[in-house]
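1. Quick one, structure for this:
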Amino acid sequence: MSSLLTECDVAERLHVSLASIRRWRLEQRGPRYIKLGSLVRYRQEDVETWLSALPTGGSRSGSNGNVDETSRHVTPTATAAMR
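-> Residues are numbered from 1 along each chain as shown. So this is what the prediction gives:
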């Protein structure tokens with residue numbers, strides 16, 4: 001049996017706050033977890049599986065491998081909303 005991780009263990013390993021881990025769990029966005037009464041525990045392999053399923057990369061690519069120019073377009077409305 002593998003050892004179980006606490007919420008604090010997972011937060012520390014991912015370099016995020018405990019509040020983020022708890023919010024992800026409530027929103028069903030984070031790694032799978034186990035409830036042992038009132039305790040929450042995580043299997044290391046579930047955390048690793050969740051991490052490997054997250055999207056990676058920094059830009060969208062077109063079918064030819066080049067950056068899709070439409071993803072760079074910023075409208076004046078969007079620019080005003082950012083201010």
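2. Okay, now the unreliable bits of the protein?
-> Scanning the chain for pLDDT under 70 picks out the ranges 1, 60-83.
3. all helices for it, in order.
-> Along the chain, counting by DSSP state H, helices occupy 7-14, 18-26, 44-53, 76-82.
4. Tell me how many other residues surround the closest residue to L18 other than its chain neighbours.
-> Once flanking residues are discounted, L18 sits nearest to A11: 4.8 Å by Cβ to Cβ, 6 or more residues apart in numbering. Where you see a C-beta, it was placed from the backbone N, CA and C, and this is true even at glycine. Residues within reach of A11, counting by other Cβ atoms under 10 Å, total 17.
5. List the contacts of A11.
-> Counting by Cβ atoms under 8 Å, 6 or more residues apart in numbering, A11 touches S17, L18, S20, I21.
6. separation between the first one and G37?
-> To tie it back to what came earlier, the one meant is S17. 24 Å (Cβ to Cβ, to the nearest Å).
7. Partner strands of the lengthiest strand in the chain and their direction?
-> As assigned by DSSP state E, the longest strand anywhere in the chain is strand 39-43. The sheet places strand 39-43 alongside strand 4-5 (antiparallel), strand 34-36 (antiparallel), with pairing taken from DSSP bridges.
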